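[1] Okay, here's the prediction I keep looking at, along with the sequence it came from:
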Amino acid sequence: MYKYLKNIVGENDYFDDMAHLSAYCYDATRERFEPNAVVFPENEDEVSRILKYCNENKIPITPRGAGSGFTGGALPKNGGIVLAMEKYFNKILEIDKKNMVARVQPAVINKHLQEIVEKEGLFYPPDPASQDYSTIGGNVSENAGGMRAAKYGITKDYVMALRAVLPNGDIIRAGKKTIKDVAGFNIVGILVASEGSLGVITEITLKLLSKPKYKKSAIGIFDTINDAMEAVYQTMASGVTPVAMEFLDNLSIRAVESKFKKGLPADAGAILITQVDGSMKSEIEYQLENIEYQFKQNKCTNFKIAQDEKEENDLWFARRNVSQSINIYGSKKLNEDITVPRAALPELLKKIDEISKKYSVIIPCFGHTGDGNVHTNVMVNGDDKNELDRGYEAITEIFKATIKLGGTLSGEHGIGISKAPFMKLAFSDEEMELFKSIKKAFDPNNILNPGKMGL
């Protein structure tokens, strides 16, 4: 059956040996689902022929970029084919300075794109913590956010057009380079965050901005989480929009200090790391003065502006490396990225603390509080079934509390397989049926990334 696929891509791009099947059976969740084969398409025509064949023969196919996702979105849950895009679909096709757009292939690394456009005086804002290795295609499929989302938004705000191959092999182009386009249904909007379940993205047109001339970062130290959370939403409502407003609780602070020794205050209840940017130095100074005022109105015990590039880099290094640091609290991390309206942050963090005590599990929290997105990490011993069960019970209660506060299951990591069981907490039966109808319209044979998002 798979001989035909080998003929499409050639012997050097088709693999069913144990080394490749093992290498492509896992992602950041550490769950493992082995495929039957891994194929590396060289161009859009090969993608089309592969999908058409798989559709006709009911073979599951899972698109994959860097495999860095936290919810199992790129795992071949039902076996079949892994469509590995990183080998050939990794080119920046165009930087259009006049129209301020970039055309890229899906396996372009986020950070690489940022560096290239900044050399042209342009700016691509979405900056997930995984920016050094996550791909633009993966960012689009999960609608990734990042540190700068408080001011600049998330991936969906920058996707202008896509090329994609549908499960039956048809190739479509959705969207345009134009700033305005209201003709027809918003197919781009449907494909963004669809987790590779509706089509295989082969090209992405992204909006770019002018690169800000100045930026500065600062840290605010608080005795309690509640004080920090109050400072977040009151700052955001004060008329200043910082680029980033990032939060670490005491457990996260101590974990980073234990591993990297970046000079963070290990006795603080919480810290907020913020950044502002603009076209004039006076604008930067005004924003920082306003933020400092709002922080101190909410019991900030110390406010410090980074005085040089090293201090600024240390602040953001600490934030970007929290996730890998908190493994000091347990061998398995149940990592969720819940999001609530900003004003609900104090209540959410209070509830998480109660849940932590109820189930006797450690739950470090950090994240993008500028847009209400908190990463909760229930840390457990993966070899202790009783502790693991308590961890999953705690996660369920955290999701319920989030939904009750008007929030959502995921701000940027997606649903995949990890959160699929919880979709009915957040959506009605009617909404779930609508999702399934959309999936069926694109993929009637359910071959493309099946078993994801509860569909």
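    Looks like it came in fine.
[2] Count the neighbours of residue 325 for me.
    Around residue 325 there are 22 other residues, counting by other CB atoms under 10 Å. In short, each C-beta sits where N, CA and C put it, glycine included.
[3] For it, pull up the helix or strand it's in.
    Secondary structure from DSSP states H and E places residue 325 in helix 322-325.
[4] how about that helix: buried residues?
    Applying a neighbour-count criterion of 16 or more other CB atoms under 10 Å, one finds 322-323, 325 buried in helix 322-325.
[5] Out of those, which is nearest to residue 38?
    Proximity of the buried residues of helix 322-325 to residue 38, judged by CB to CB, is greatest for residue 323, which lies at 27.2 Å.
[6] Quick check: closest non-adjacent residue to that closest one.
    In this structure, residue 323 finds its nearest non-sequential neighbour in residue 129, 6.5 Å apart by CB to CB, 6 or more residues apart in numbering.
[7] do residue 333 as well
    The shortest distance from residue 333 to any residue other than its chain neighbours is 5.2 Å, reached at residue 377 (CB to CB, 6+ apart).
[8] Then residue 233?
    For residue 233, the spatially nearest residue (CB to CB, 6+ apart) is residue 342, at 4.1 Å.
[9] Could I get the full set of helices for the stretch 101-250 of the chain?
    Secondary structure of the stretch 101-250 of the chain (DSSP state H, counting those that start in this stretch): helices located at 110-118, 136-142, 149-152, 187-191, 225-236, 250-260.
[10] contacts for the second one?
    In this case it means helix 136-142. 63, 65-66, 68-69, 71, 73-74, 85, 89, 104-110, 113, 126, 128, 144, 155, 159, 162, 191-196, 201, 204, 206, 412-414 (CB atoms under 8 Å, 6 or more residues apart in numbering).
[11] residue ranges of the strands in the stretch 101-250 of the chain, please?
    Counting by DSSP state E, counting those that start in this stretch, one finds strands in the stretch 101-250 of the chain at the ranges 101-104, 122-123, 159-165, 171-175, 200-207, 209-210, 214-222, 244-249.
[12] and the angle for the fifth one with strand 159-165?
    Taking axes from the mean of the first three to the mean of the last three CA atoms, to 10 degrees, strand 200-207 and strand 159-165 form an angle of 160 degrees between their directions.
[13] Please identify the pairing partners of strand 200-207 and their relative orientation?
    Its sheet considered, strand 200-207 pairs with strand 101-104 (antiparallel), strand 159-165 (antiparallel) by DSSP bridges.
[14] One more: the fourth one?
    Partner strands for strand 171-175, per DSSP bridges, with pairing direction: strand 159-165 (antiparallel).
[15] pLDDT weak spots in the stretch 301-450 of the chain?
    Applying pLDDT under 70 to the stretch 301-450 of the chain picks out no residues at all.
[16] quick one: contacts of the top helix by length along the chain?
    For the chain, the helix with the greatest residue count under DSSP state H is helix 385-404. With CB under 8 Å, 6+ apart as the test, helix 385-404 has contacts from 332, 334, 336, 338-340, 348, 351-352, 355-356, 358-361, 363, 376, 378-382, 408-409, 422, 425-426.
[17] What is the subsequent helix or strand relative to that helix?
    Helix 385-404 is succeeded, C-terminally, by helix 423-426 (DSSP H and E).
[18] With just CA atoms, put that next one into PDB.
    The C-alpha trace of helix 423-426 is given here as PDB (Å, rounded to 0.1, in the frame of the first residue of the first chain):
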ATOM      1  CA  MET A 423     -14.100  20.400  25.100                       C
ATOM      2  CA  LYS A 424     -17.600  19.700  26.300                       C
ATOM      3  CA  LEU A 425     -16.900  21.800  29.400                       C
ATOM      4  CA  ALA A 426     -16.400  24.900  27.200                       C
END
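[19] for the stretch 251-400 of the chain, what spans make up the helices?
    Under the criterion DSSP H, counting those that start in this stretch, the stretch 251-400 of the chain contains helices at 281-297, 309-320, 322-325, 345-359, 385-404.
[20] which other helices and strands contact the fourth one?
    This points to helix 345-359. helix 225-236, strand 373-380, helix 385-404 (3 or more CB pairs under 8 Å, 6 or more residues apart in numbering; DSSP states H and E).
[21] Output those in CSV; the columns should cover distance to residue 44 and mean neighbour count.
    Formatted as CSV, the helices and strands packed on helix 345-359 follow (distance: least, CB to CB, whole Å; neighbours: other CB atoms under 10 Å):
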stretch, distance to residue 44, mean neighbour count
helix 225-236, 42, 23
strand 373-380, 34, 25
helix 385-404, 39, 17
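[22] Would you reformat these as JSON lines and include distance to residue 97?
    Below are these laid out as JSON lines (distance: least, CB to CB, whole Å):
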{"stretch": "helix 225-236", "distance to residue 97": "33"}
{"stretch": "strand 373-380", "distance to residue 97": "32"}
{"stretch": "helix 385-404", "distance to residue 97": "42"}
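[23] Would you enumerate the residues in contact with the nearest residue to residue 238 once chain neighbours are set aside?
    Among residues not flanking residue 238 along the chain, residue 294 sits closest, at 5.3 Å (CB to CB, 6+ apart). Contact analysis of residue 294 by CB under 8 Å, 6+ apart lists 231, 234-235, 238, 240.
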